[in-house]
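Peer 1: Below: sequence and its predicted model.
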2 protein chains.
Amino acid sequence: MTESRDCVLALSGGVGGAKLSLGLADSLPPERLHVLVNTADDFEHYGLRISPDIDTHIYTLSGRANQELGWGVANETWNTMAAMEELGGETWFRLGDRDMATHLWRTQQLASGRGFCEVTADLARRLGVACHIHPMSEEPVRTTVQCREGDLSFQEYFVREQCRPEVNGFRFDGISAARPNRQVMSLLKQGSVTRVVVCPSNPFVSVDPILQVPGLWLALRDLAAPVILVSPIVAGAAIKGPAAKMMMELELPVTAEGVARHYSTRYPGLIDYFVMDESDAKLAGEIEELGLTAAVTATVMKSREDKQRLASFVLQLGETE
Amino acid sequence: MTESRDCVLALSGGVGGAKLSLGLADSLPPERLHVLVNTADDFEHYGLRISPDIDTHIYTLSGRANQELGWGVANETWNTMAAMEELGGETWFRLGDRDMATHLWRTQQLASGRGFCEVTADLARRLGVACHIHPMSEEPVRTTVQCREGDLSFQEYFVREQCRPEVNGFRFDGISAARPNRQVMSLLKQGSVTRVVVCPSNPFVSVDPILQVPGLWLALRDLAAPVILVSPIVAGAAIKGPAAKMMMELELPVTAEGVARHYSTRYPGLIDYFVMDESDAKLAGEIEELGLTAAVTATVMKSREDKQRLASFVLQLGETE
């Protein structure tokens, strides 16, 4: 990695967070953008190592994202899955034919002895991603969703059961033995990171695993650079995914304030700016009472311009005040 | 397996041999046909367990064979390989999108702890094959092609290098620890096999590995049932694959007689009937001198009728004499 100065570090899960990552990529020289991605959703399926949030970022940032589906790779076909159905094999996790190459290649590279972070960086480069995509840790961490009916692995919960089971809590297996991404820690230690952006990803299953890799959140808290979080809850609902449903089941208020409270309780002193949608402006006072600076703007990202506009907003927070 | 009587045991490699297997399948009640298939061509690629000769049989006998290509599965697409090319990954072994399901499913089943023979039988059944397809052994055996330029694994030689390197010999790694297929041995011991057909497959890399699994060829030699071999060399050329080229490089005569000599030298007393093409009728005398009964017929199988006709011929050999 070439020496970097004045870098932006984004923390993100999958599809929801990658929208802001794309806005940031459109707004920054690629060498200045580092995205630290959740890998606690990773799993092994049919012997393949699958990293959904990493792949979402690689496909999104290389212009390969499937716009119609909202996930996966563009121009996808599903002939392996069709043949698997004839065979009576498991098809609940839909592996597209083009996407398959990513999993095969990654699995082969890891089997050859290369490290996960190195393989991820190589994959991103081969597919034409110019900015830096980092797994949250070299070591495997795996989310278990603790449901009333029993534990489920994250993909069983998220894809197979389509988030239907009622959630009690979460466990991140392997996290105590994991270390935060070495390159990102090195940037932090060098003082190269001048802004941290927590993308509007699921607090429980996307951002918590990243922050709970031992040493990371304290390093971010102690950084001089501002930490800016964009609320994934807008007007009492999640823009994407099960965050609102989870908050309800965990008996948290399903509001931007509930999100702010989650972070300020678990990670006191971490978040400096809390970016919330205009529709939630009335909650700004409660946010400020938690010790966070509320920043109100339009946060729903539909068009490419929406993403760029929100990225510009978070990139100038604090500078224009 | 239900009890079987009056069974035909066919020994076969891939595409060439499977033509006669299909003819036999068209000519026999399915429960009476057992095909013992070479698995020394099997390999691991991208973490997947690939069994080319088994899959050729399953696709051929279930009506899924790709007629245009002459190998693989019908209605195939190649989008994983196209994406792999973009990635700069290895694409010399062309894995089709539909075929991929077979490899993924097999790999998953083996990883779950099931045995290879059981998984193969289940796969064949799920894809609608009515007769019995048996791997030559439960244990892995891997062909190394010893070339003047150095050793190559079978698929490197056959697919990647397209049989170009000059061959010195062959090594079947793992064969001394392998045991012949348990179900086939059980049929042989019960006296259920009344006819053995060695399909017109490559003697060196398809039939030799099967026969050299310890105990098999002697059990076949000691069987009362006739062993009928169909020459893969017709008019001095191989119908399919590198058999003729290999014979030339090994300094064997590239004729049906050369084939007969190979088998009678290595497996004395094994072959009873040597089926040769009409175009080689003049060699019948030399074949008989080796102690084999020469049987002359049209052996080139182009149409389905050719396959059925040759199958009928080998199935009545000895009965009409």
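Peer 2: That came through, no problem. Computed from a predicted model, the values in this text were never measured in an experiment. Numbering: from 1, shown residues only, chains lettered A, B, ... in the order given.

Peer 1: For the stretch 51-200 of chain A, which residues are neighbours of chain B?
Peer 2: The stretch 51-200 of chain A comes close to chain B at residues A:73, A:76-77, A:79-84, A:86-90, A:97-102, A:104-105, A:107-108, A:111, A:123, A:126-127, as judged by Cβ under 8 Å from any Cβ of the partner chain. Any C-beta I mention is one placed from the backbone N, CA and C, and that applies to glycine too.

Peer 1: buried subset of those?
Peer 2: Buried by 16 or more other Cβ atoms under 10 Å in any protein chain shown: A:73, A:76-77, A:79-84, A:87, A:89, A:97-102, A:104-105, A:107-108, A:123, A:126-127, out of those.

Peer 1: Which of these fall within helices?
Peer 2: A:79-84, A:87, A:97-102, A:104-105, A:107-108, A:123, A:126 (DSSP state H).

Peer 1: Quick one: name whatever helix or strand follows the helix or strand bottoming out on mean pLDDT in chain A.
Peer 2: The helix or strand of chain A with the lowest confidence, counting by mean pLDDT, DSSP states H and E, is strand A:237-238 at a mean of 86. As assigned by DSSP states H and E, the chain's next helix or strand after strand A:237-238 is helix A:243-249.

Peer 1: what's in contact with that following helix?
Peer 2: A:163, A:166-168, A:202-205, A:232-233, A:236-238, A:253-254, A:258-259 (Cβ atoms under 8 Å, 6 or more residues apart in numbering or on different chains).

Peer 1: would you put the C-alpha positions of it in PDB?
Peer 2: Provided in PDB are the C-alpha atoms of helix A:243-249 (Å, rounded to 0.1, in the frame of the first residue of the first chain):
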ATOM      1  CA  ALA A 243     -32.700  -3.300  11.400                       C
ATOM      2  CA  ALA A 244     -36.100  -2.000  12.400                       C
ATOM      3  CA  LYS A 245     -37.600  -5.400  13.000                       C
ATOM      4  CA  MET A 246     -34.600  -6.300  15.200                       C
ATOM      5  CA  MET A 247     -34.900  -3.100  17.200                       C
ATOM      6  CA  MET A 248     -38.500  -3.900  17.900                       C
ATOM      7  CA  GLU A 249     -37.800  -7.400  19.000                       C
END
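
Peer 1: And the strands in the stretch 151-300 of chain A, which stretches?
Peer 2: A:167-173, A:193-198, A:227-230, A:233-234, A:237-238, A:273-277, A:293-297 (DSSP state E, counting those that start in this stretch).

Peer 1: Please produce a markdown table containing the ones you listed, extended by mean neighbour count.
Peer 2: Compiled in a markdown table, the strands of the stretch 151-300 of chain A are given as follows (neighbours: other Cβ atoms under 10 Å in any protein chain shown):
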| stretch | mean neighbour count |
| --- | --- |
| strand A:167-173 | 16 |
| strand A:193-198 | 25 |
| strand A:227-230 | 26 |
| strand A:233-234 | 24 |
| strand A:237-238 | 16 |
| strand A:273-277 | 25 |
| strand A:293-297 | 19 |
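
Peer 1: A:Tyr263 is nearest to which of the ones you listed?
Peer 2: Closest approach to A:Tyr263 among the strands of the stretch 151-300 of chain A is made by strand A:227-230 (6.4 Å; Cβ to Cβ).

Peer 1: and stretch A:93-107, what's its mean pLDDT?
Peer 2: Summarised as a single mean, pLDDT over stretch A:93-107 is 97.

Peer 1: sorry, that was for stretch A:79-89
Peer 2: In this model, stretch A:79-89 has a mean pLDDT of 97.

Peer 1: same deal with stretch A:167-187?
Peer 2: Mean pLDDT, stretch A:167-187: 97.

Peer 1: for that stretch, the distance to its chain's centre please.
Peer 2: On the basis of Cα atoms, centre = their mean, to the nearest Å, stretch A:167-187 is displaced by 13 Å from the centre of the chain it belongs to.

Peer 1: just to revisit the earlier point, among the contacts of helix A:243-249, which ones are buried?
Peer 2: Neighbour counting with 16+ other Cβ under 10 Å marks A:Val167, A:Asn202, A:Pro203, A:Phe204, A:Val205, A:Pro232, A:Ile233, A:Ala238, A:Pro253, A:Val254, A:Gly258, A:Val259 as buried within the contacts of helix A:243-249.

Peer 1: quick one: the last one and A:Pro232 touch, right?
Peer 2: What it means is A:Val259. Yes: A:Val259 lies in contact with A:Pro232 (Cβ atoms under 8 Å); the separation is 6.7 Å.

Peer 1: any common contacting residues for these two?
Peer 2: In contact with both A:Val259 and A:Pro232: A:Pro203, using Cβ under 8 Å, 6+ apart.

Peer 1: Partner strands of the least confident helix or strand of chain A and their direction?
Peer 2: Strand A:237-238 has its sheet partners listed here by DSSP bridges as strand A:233-234 (antiparallel).

Peer 1: Quick check, the residue in the stretch 201-321 of chain A closest to chain B?
Peer 2: Going by Cβ to the nearest Cβ, chain B is nearest to A:Arg304 of the stretch 201-321 of chain A, at 23.3 Å.

Peer 1: Touching, that residue and A:Asp26? I think so.
Peer 2: Yes: contact criterion Cβ under 8 Å: A:Arg304 and A:Asp26 qualify, at 7.3 Å.

Peer 1: neighbour-wise, which of the two wins?
Peer 2: Per other Cβ atoms under 10 Å in any protein chain shown, whichever of A:Arg304 and A:Asp26 has more neighbours is A:Asp26, with 15 against 12.

Peer 1: the inter-axis angle of the one helix or strand the more buried one maps to versus strand A:193-198?
Peer 2: Element membership for A:Asp26, per DSSP H and E: helix A:15-27. Angle, helix A:15-27 to strand A:193-198, by axes from the mean of the first three to the mean of the last three Cα atoms, to 10 degrees: 150 degrees.

Peer 1: before we move on, back to that, need the contact list for the residue of the stretch 201-321 of chain A closest to chain B.
Peer 2: Contacts of A:Arg304 (Cβ under 8 Å, 6+ apart): A:Leu22, A:Asp26.

Peer 1: Could you report the distance from it to A:Cys199?
Peer 2: Taking Cβ to Cβ, to the nearest Å as the measure, A:Arg304 falls 16 Å from A:Cys199.

Peer 1: next one: A:Leu229
Peer 2: In terms of Cβ to Cβ, A:Leu229 sits 9 Å off from A:Cys199.
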